[in-house]
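Q: Curious how this folds, go ahead:
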Amino acid sequence: MSGKKDRQLPKADRSPKKKLKVDVTAFWRRKKDMSTAAKAKKIKEKEKELERLKRQQQDQEELEESSEEESLDMEKIARLLEKHSKEIKAYTDEALKKQSKELSKEIQDIKKELTDSIDGIKTLVEGNTKQLKEHNVKIEKLEGWRVGADDKFEILQTEVRSRNVKIRGAPESFGKEDLKKELTEAIASYLEEEEVKIEKAYRVNSRAAKRNNQPRDILVGFESKSAKNALQGKHREDPFTLEDQEVKIFQDLPPEILQKRAQFHFLRQILIGQNIRYFWKIPFALEVILPTGRRIIKTLQQAQELADTLAEGSALAEEQRKQTSQQEHKGVARKGAGTRK
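A: Purely as a prediction, here's the structure:
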């Protein structure tokens, strides 16, 4: 039984051989299929490469064609430009001529307008100049009238104050009881007169006196100019005292005249320094007595010119004085040297 079993293989034992045969066949078949697929793949790659080369060739041909077309277009444009250059030049020249004519006409019109405007301005200026001259004449007349009115007003004010004087420096204690009475007696005694008639006498308040803590001025009004002139005349020679205090006496002048005189202070200093006589005049003016004659000064410009002239003359005189002094000194020195010999 066992031998029989050994000799007879089961079906299961025989199937591997058969399967191996089938597998070898399938292997060669797959190998054949793989070789065919590889060949097909290569063929496809070559086809793609051919298509790429074709496209490159087509692009190159199109580029060459476009270059040829551009070259042709440029030649065409050049021919067209050459053909129409004369027409363009002729048209341009004609347009320029037309514009030049129009511009020239506009310039002529502008020139004409400017000429007319200038003529109108000249006429207007001439008319205004004439009117200004007429106005200036009127202004000068009005100024003359104003100056004349001012002068008359100054004369009137001065005349009203012509009998008045101001006494400065009198102690505040003087005239406490009766200023007019005490001052009348003091002036009569000073002038050695039995009686002096005074219309008014009172203290004048001022900012300067209050600021400097000084006694207020006394305004005195005489009944006659002779009494006032007598007081001022004697005061130039003899001092006048009130309560043992020496006082000063000034002419009573309008504030406007005092302000004008204050502006000439620099010239008065020069005149006093050079011992040149001068007088105040009414209406306002300064009369200067010069070696060359009298000179009337009314304006600041005239005062400045005279001050400059006097300053130059003073400098020249000082230089001449120095030169004379040096010459005299040299002469004395020579005489001394001659005596020693």
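Q: Read off the pLDDT value for residue 324.
A: pLDDT for residue 324: 65.
Q: actually residue 126, not the one I typed
A: For residue 126, pLDDT reads 81.
Q: can you count the residues close to it?
A: Neighbour count of residue 126, defined by other Cβ atoms under 10 Å: 10. Bear in mind the C-beta positions are built from the backbone N, C-alpha and C, glycine included.
Q: cool, the one 10 residues further on as well?
A: Per other Cβ under 10 Å, the neighbour tally for residue 136 reads 11.
Q: Could you measure from it over to residue 237?
A: Distance, residue 136 to residue 237, by Cβ to Cβ, to the nearest Å: 52 Å.
Q: Same question for residue 114.
A: With Cβ to Cβ as the criterion, residue 114 and residue 237 are 81 Å apart.
Q: just residue 301 next, same as before
A: For residue 301, the distance to residue 237 - Cβ to Cβ - is 37 Å.
Q: one step back: have a look at residue 114 and residue 237 and say which one is more surrounded.
A: residue 114 (10 against 6).
Q: contacting residues around the residue nearest the centre of the chain?
A: Central residue of the chain (Cα atoms, centre = their mean): residue 301, 27.6 Å from the mean position. By Cβ atoms under 8 Å, 6 or more residues apart in numbering, the contact list for residue 301 is empty.
Q: which SS class is it?
A: Classification of residue 301 by DSSP: H, G, I helix; E, B strand; the rest coil places it in helix.
Q: Quick check: the gap between it and residue 263.
A: According to Cβ to Cβ, residue 301 and residue 263 sit 11 Å apart.
Q: Residue 179 too?
A: Shown here: residue 179 relative to residue 263, a distance of 34 Å by Cβ to Cβ.
Q: Looking at those two, which is more packed in?
A: Set residue 179 next to residue 263 and count neighbours by other Cβ under 10 Å: residue 179 wins out with 18 against 11.
Q: Which residue, neighbours along the chain excluded, lies closest to the more buried one?
A: residue 201 (5.2 Å; Cβ to Cβ, 6 or more residues apart in numbering).
Q: Low-confidence ranges, this protein, go.
A: Filtered on pLDDT under 70, the chain yields the residue ranges 1-29, 31-33, 64-73, 83-84, 86, 138, 140-149, 316-341.
Q: how about the helices of it, start to end?
A: Secondary structure of the chain (DSSP state H): helices located at 2-7, 11-160, 179-191, 207-211, 225-235, 255-263, 265-273, 300-340.
Q: Near residue 200, how many other residues are there?
A: The number of residues packed near residue 200 is 13, by other Cβ under 10 Å.
Q: so what's it closest to, chain neighbours aside?
A: In space, and not counting its chain neighbours, residue 200 is closest to residue 221: 4.2 Å by Cβ to Cβ, 6+ apart.
Q: so what's the one you found up against?
A: Neighbouring residues of residue 221 by Cβ under 8 Å, 6+ apart: 163-164, 198-201.
Q: Closest to residue 45 out of those residues?
A: Relative to residue 45, the closest of these is residue 164; by Cβ to Cβ it sits at 141.1 Å.
Q: Need the nearest residue in space to that closest one, chain neighbours excluded.
A: Nearest non-adjacent residue to residue 164, counting by Cβ to Cβ, 6+ apart: residue 252, 3.6 Å away.
Q: returning to that earlier point: the residue nearest to the centre of the chain and residue 258, how far apart?
A: 21 Å.
Q: Kindly state the domain boundaries assigned to the protein.
A: The record's domain parsing of the chain by automatic domain parsing lists 87-161, 162-252, 254-341.
Q: Restricted to strands, list the contacts of residue 221.
A: 164, 198-201 (DSSP state E).
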